[in-house]
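Novice: Whatever this is, show me its structure:
(one chain, ligands or ions: 1)
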Amino acid sequence: TTSASDISRDQSAKLFEKAKQYFPGGVNSPVRAFKSVYGTPLFIERGDKAHLWDADSNEFIDFCCSWGPLILGHNTPEIREAVSAQLGKGLSFGAPTALENDLAELILSNNKKIEKIRFVSSGTEAVMSAIRLARGYTKRDKIVKFEGCYHGHSDSLLVKAGSGLVTFGETSSAGVPKAFADETIVIALNDKAALEQVFTDFKDQIAAVIIEGVPANNGLLIQDKDYIHFLRDITKANGSLLIMDEVITGFRLGFEGASKYYDIQPDIITYGKIIGGGMPVGAYGASKELMACISPDGAVYQAGTLSGNPVAMAAGIAALNLLAQPGFYEKLEQTTQDFVAELRAFIEEKGYEVHLTTIGSIFWFAFSSNPKIQRADEIDPASMEKYKVMHRELLNRGIYFGPSGYEVGFISAAHTEEDLKTTIKAIKEALDIVFQ
Ligand code: PMP
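Specialist: Numbers count the residues shown, from 1 in each chain. Take a look at the predicted model:
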């Protein structure tokens, strides 16, 4: 196999030069700058079903899917029509609407893990609010997070592990006060001893432990069920809340997300991405008792001008109505399993040192000899060079993956058999080049 010739990026490059005059790094979210992969970032013009077109008219099959929200692909007619219908009625009122009730009802009647919900406008906001709720309810300040989990960019969560097994975190961004990092303890995933240690060292001080439903922002680090149950039990025994951040897994692994997969009841769950059908939405939910702490009922303040935005609600309702159809998730997961199985067979036959991890309709290429990576420190940063080669080969073959080897891929209901066949062929060729 020989490398495919590079696609034209002339228009994207021009747009990027212009964008650099306006935005830091030319982008409005850092990973979009293509710092970890080859070439200038692609400026996207439009999407339809599982396909994307960039400013140079290159066409791609999209596995980034806007980082997860687009479980139905691009330009879904039902969502487009629902949004269009709302456009003529108004874009924002900052007042209650029946649409909020409709989306809440659709969520709560299909998701028994939460009793009440509050809509916000992003995943970051959902998590930030959930942390405040946990602190307000428990009257404790410390939170525990895991190395390898991303929860958005709020101050309390831009914290990375210190040097010991259980230490105060260190800020992972300039501008986060040390005082914030001192309230966040960061430990390794899938490590019971670290959890026991943290509750011994900080007994009665921990408001909550927060974990991603299935950690999917730093590779796909599927946790043992036994470990998640241990986490549930130890938090409960110590009067701390368990926050499950289901911004990616919520409505991706089914309406009840990872909580159902692990069969646990978290105290607070955060959502985002899919519930907005592609519009900016986040949410957090919990029991009635916990949610009674939120203003205006309770003393934990949280608000938003655009919260429950009618256009976003309309998109979310249309999307979730499609996801609620019988068999939707089963079919999508089967499609994903077939896709992964064919690639795994190829990888095994060739003896390539790469493992495909998958859950639901999420997949991740781990360039490692370790078939079961479950902690951030098991990922070798050097392996990202291989991803970079694969990414370039794939783009040149019309396949759009996330621009970093730490990112997972998503399969949507819009990916056709033919899309996946084309993709499998391209991935095989790309892997042959990576390992030649
Ligand atoms: N939590 C998780 C698990 C996420 O994956 C993300 C975004 N990737 C966030 C929170 C933050 O969401 P947003 O980017 O919408 O602020």
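Novice: Which elements pack onto the strand ranked longest in the chain?
Specialist: In the chain, taking DSSP state E as the definition, the longest strand is strand 206-212. Contacts defined by 3 or more Cβ pairs under 8 Å, 6 or more residues apart in numbering; DSSP states H and E place strand 206-212 against helix 123-138, strand 142-146, helix 192-201, helix 225-237, strand 241-245. Glycine gets a C-beta too; all of them are placed from N, C-alpha and C.
Novice: Nearest to the ligand, out of the ones you listed?
Specialist: The ligand lies closest, by Cβ to the nearest ligand atom, to one member of the helices and strands packed on strand 206-212: helix 123-138, at 2.2 Å.
Novice: ok, longest helix in this protein?
Specialist: helix 328-350 (DSSP state H).
Novice: what's that one in contact with?
Specialist: Residues from elsewhere that reach helix 328-350, judged by Cβ atoms under 8 Å, 6 or more residues apart in numbering: 71, 253-254, 322-323, 354-356, 358, 360-363, 411-413, 415, 420, 423-424, 427-428, 431-432, 435.
Novice: Within reach of the ligand, which of those residues are there?
Specialist: Among those, not one lies near the ligand by Cβ under 6 Å from any ligand atom.
Novice: Okay, and which of those map to strands?
Specialist: 355-356, 358, 362-363.
Novice: Out of the residues you listed, which is nearest to the ligand?
Specialist: I362 (11.0 Å).
Novice: interface residues of the stretch 201-350 of the chain facing the ligand?
Specialist: So the stretch 201-350 of the chain meets the ligand at 212, 217, 245, 247-248, 272, 282 (Cβ under 6 Å from any ligand atom).
Novice: Widest-spaced pair of those?
Specialist: N217 and G282 (15.2 Å; Cβ to Cβ).
Novice: picking up where we left off before, quick one, which of the helices and strands packed on strand 206-212 is packed in tightest?
Specialist: strand 241-245 (a mean of 27; mean count of other Cβ atoms under 10 Å).
Novice: quick check: mean pLDDT across it?
Specialist: Averaging pLDDT along strand 241-245 gives 98.
Novice: Tell me how far that strand lies from the chain's centre.
Specialist: 15 Å (Cα atoms, centre = their mean, to the nearest Å).
Novice: just stretch 242-249 next, same as before
Specialist: The answer for stretch 242-249 is 9 Å, by Cα atoms, centre = their mean.
Novice: and if you look at stretch 425-432?
Specialist: With Cα atoms, centre = their mean, you get 26 Å for stretch 425-432.
Novice: likewise stretch 283-295?
Specialist: The answer for stretch 283-295 is 23 Å, by Cα atoms, centre = their mean.
Novice: Contacts for it, please.
Specialist: Residues from elsewhere that reach stretch 283-295, judged by Cβ under 8 Å, 6+ apart: 107-108, 111, 113-120, 126-127, 129-130, 133, 136-137, 241, 267-272, 275, 297-303.
Novice: let's see it at 6 Å
Specialist: 114-119, 126, 129-130, 133, 136-137, 268-271, 275, 298, 300-302 (Cβ atoms under 6 Å, 6 or more residues apart in numbering).
Novice: Would you mind listing what in the stretch 1-150 of the chain touches the ligand?
Specialist: Residues of the stretch 1-150 of the chain lying near the ligand (Cβ under 6 Å from any ligand atom): 67, 122-124, 127, 150.
Novice: run the last query once more with 5 Å
Specialist: 122-124 (Cβ under 5 Å from any ligand atom).
Novice: Apart from its chain neighbours, what residue comes closest to the residue in the stretch 251-400 of the chain that the ligand sits nearest to?
Specialist: Relative to the ligand, the nearest point of the stretch 251-400 of the chain is G272 (4.6 Å; Cβ to the nearest ligand atom). The shortest distance from G272 to any non-neighbouring residue, by Cβ to Cβ, 6 or more residues apart in numbering, is to G123 (3.3 Å).
Novice: Surely the one you found is in contact with I248?
Specialist: No - the criterion here is Cβ atoms under 6 Å, and G123 misses it with I248 at 8.5 Å.
Novice: on that earlier part again, now render the ones in strands among the contacts of helix 328-350 as a markdown table, adding distance to R32.
Specialist: Putting those into a markdown table (distance: Cβ to Cβ, whole Å) gives the following:
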| residue | distance to R32 |
| --- | --- |
| H355 | 27 |
| L356 | 25 |
| T358 | 25 |
| I362 | 20 |
| F363 | 21 |
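Novice: how near is G402 to S36?
Specialist: Note on G402: its distance to S36, by Cβ to Cβ, to the nearest Å, is 10 Å.
Novice: now do P403
Specialist: In terms of Cβ to Cβ, P403 sits 6 Å off from S36.
Novice: higher neighbour count, these two?
Specialist: P403 (22 against 17; other Cβ atoms under 10 Å).
Novice: show me the contacts for that one.
Specialist: 34, 37 are the contacts of P403 under Cβ under 6 Å, 6+ apart.
Novice: Can you classify it as helix, strand or coil?
Specialist: Classification of P403 using DSSP: H, G, I helix; E, B strand; the rest coil returns coil.
Novice: try N218
Specialist: Reduced to three states by three-state DSSP, N218 is coil.
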